[in-house]
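Q: Following is a predicted model, sequence given first.
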Amino acid sequence: MQTVIKELKTMQPGPALVKASGWVRTKRDSKNVCFIEVNDGTCLKGLQVVADKAVFDNNLLNSISTGCSVECEGQIVASEGGDQAVELKATSIEVIGDAPADYPLQKKRHTLEYLRDIAHLRARTNTIGAVARVRSKMAFAVHKFFQENDFYYVNTPLITASDCEGAGQLFQVTTLDLANPPRLEDGRIDYSKDFFGKHTSLTVSGQLEGETYATALRNIYTFGPTFRAENSNTKRHLAEFWMVEPEMSFCTLEGDMEIAESFLKYVFKYVLEECDEDMEFFSKFIEPGVKDTIVHVVETPFAHMTYTEAVKELEKHGDKFEFKPFWGCDLQTEHERFLTEEVCHRPVIVTDYPKEIKSFYMKLNDDGKTVRAMDVLAPRLGEIIGGSEREYRYDVLKARMAELGLREEDYWWYLDLRKYGTVPHSGFGLGFERAVQYVTGMQNIRDVIPYPRAAKQADF
């Protein structure tokens, strides 16, 4: 394989000929030489290629423009400029692909809103390229953490007949003729004629199916796309996003919290070690001090409080919030940030939420009012992880489902897990894009996924 520019920049000067391939970011001329910055996406700053005008045809040099692709050959030499340690003294340059004057990424600052309209090209910019590299390293760290801790990677289905969250925000999957669907005598659509013979949707979570494998392999994790038809045009929501969801058998809420904290710190530490140049960029140009924030999260023990304790603390400062806190309310982002930034000055794990605001599968506490749920809250963001100890008692789970109007026949296989060899088990979910957004300091979640999907947005 050809040596990438990231590696070429670390080479010592020498007589050996090397090749550098990539896209031209900038070109500037002096009297005798032409300076060309070539970047192949493997690092933030490209390699400076120096072309002697006495050696190269003037027409060739004039044809090199921002955005065109080139392959350059030459020697790595010590740079006379102060911006780089080495540069490539070119002996040959070939233009592979031209970029005419209408190339959308000319040398100027572009807004992130503009870049979303050219999502097929935006990865060539410093900002989105850095996000892509961090995202890649974070994804690798996710697998690395779980594989090193004896978790098995399980691929759960994208098409499902069950709604894990019970919110009804599902994308329907069907092969029926929408203009003339088959109907029952009462006028309802006859889904028995559909491809799967029943109403199916894209998954909002792989958790329920993941639990089936956790009760066979002990510790598993899923990492894949999930979908939610939530018409929220905000900087924090996507219709298609990736979730990391571990499930652990013989694990209570205490173990769940311990693994969640260790997991976050491992992934963040890995990014700090592997993406230092990009993290410096984010700290300087995107979110001042974001690198220090991530270091603080890695090095600081997380605080712990119950939901009841959190609400009492919030009620002391009720006049600070747009949404007044009270026991039974769903904590808003402003509440979560206040707890982390003003009260604890570090990440906080909040536990034991009211059952009315949490999902049916969470274990009921002895008080009958709260469940063994936990949310990890991070400064500057709010909730970054949500999880719980699962309700493993057969009769209690059936009663909870009846209370919420869920049909047992839709979850018969899930109930079987509590019927045959049930065990305490726990898990959590991490919205991967939220985590990438947090690490990079990017303000809009649509800028940390290659092709964002949101309401009225599926152009690429």
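A: Structure's in. What do you need?
Q: Helices of the stretch 101-250 of the chain, start to end?
A: According to DSSP state H, counting those that start in this stretch, the stretch 101-250 of the chain carries its helices in the segments 112-116, 126-148, 207-217.
Q: From the contact counts, what lies against the shortest one?
A: Looking back up the chat, that one is helix 112-116. Identification of packing neighbours for helix 112-116 by 3 or more Cβ pairs under 8 Å, 6 or more residues apart in numbering; DSSP states H and E yields helix 126-148. Any C-beta I mention is one placed from the backbone N, CA and C, and that applies to glycine too.
Q: I'd like the distance from the helix it packs on to the chain centre, please.
A: Averaging C-alpha positions (Cα atoms, centre = their mean, to the nearest Å) puts helix 126-148 9 Å from its chain's average.
Q: for this structure, which spans come out with low pLDDT?
A: Applying pLDDT under 70 to the chain flags residues 163-168.
Q: Name the secondary structure element that contains E7.
A: In this assignment (DSSP states H and E), E7 forms part of helix 5-8.
Q: Which helix or strand lies directly C-terminal to that helix?
A: strand 17-29.
Q: Could you list the residues in contact with the following helix or strand past that next one?
A: Helices and strands here follow DSSP H and E; after strand 17-29, the next one along the chain is strand 33-39. If you take Cβ atoms under 8 Å, 6 or more residues apart in numbering as the criterion, strand 33-39 is touched by 5, 20-29, 45-53, 56, 61, 64, 70, 72, 93, 124.
Q: relative orientation of strand 33-39 and strand 17-29 in degrees?
A: 110 degrees (axes from the mean of the first three to the mean of the last three Cα atoms, to 10 degrees).
Q: TSV for the helices of the stretch 101-250 of the chain, including mean neighbour count and distance to P452?
A: Output for those, formatted as TSV (neighbours: other Cβ atoms under 10 Å; distance: least, Cβ to Cβ, whole Å):
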stretch	mean neighbour count	distance to P452
helix 112-116	15	7
helix 126-148	18	12
helix 207-217	21	24
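Q: Figure out which of those helices is closest to F302.
A: With Cβ to Cβ as the measure, helix 126-148 is the member of these nearest F302 (16.5 Å).
Q: where does stretch 93-113 sit relative to the chain's centre, distance-wise?
A: Distance, centroid of stretch 93-113 to centroid of chain: 28 Å (Cα atoms, centre = their mean).
Q: Please enumerate residues in contact with that stretch?
A: Contacts to stretch 93-113, defined as Cβ under 8 Å, 6+ apart, come from residues 21, 24-26, 36, 49, 51, 56, 60, 63-73, 118, 121-122, 124-125, 127, 444, 447.
Q: could you redo the last one with a cut-off of 7 Å?
A: Stretch 93-113 has contacts (Cβ atoms under 7 Å, 6 or more residues apart in numbering) with 26, 51, 56, 60, 63-72, 118, 121, 124-125, 444, 447.
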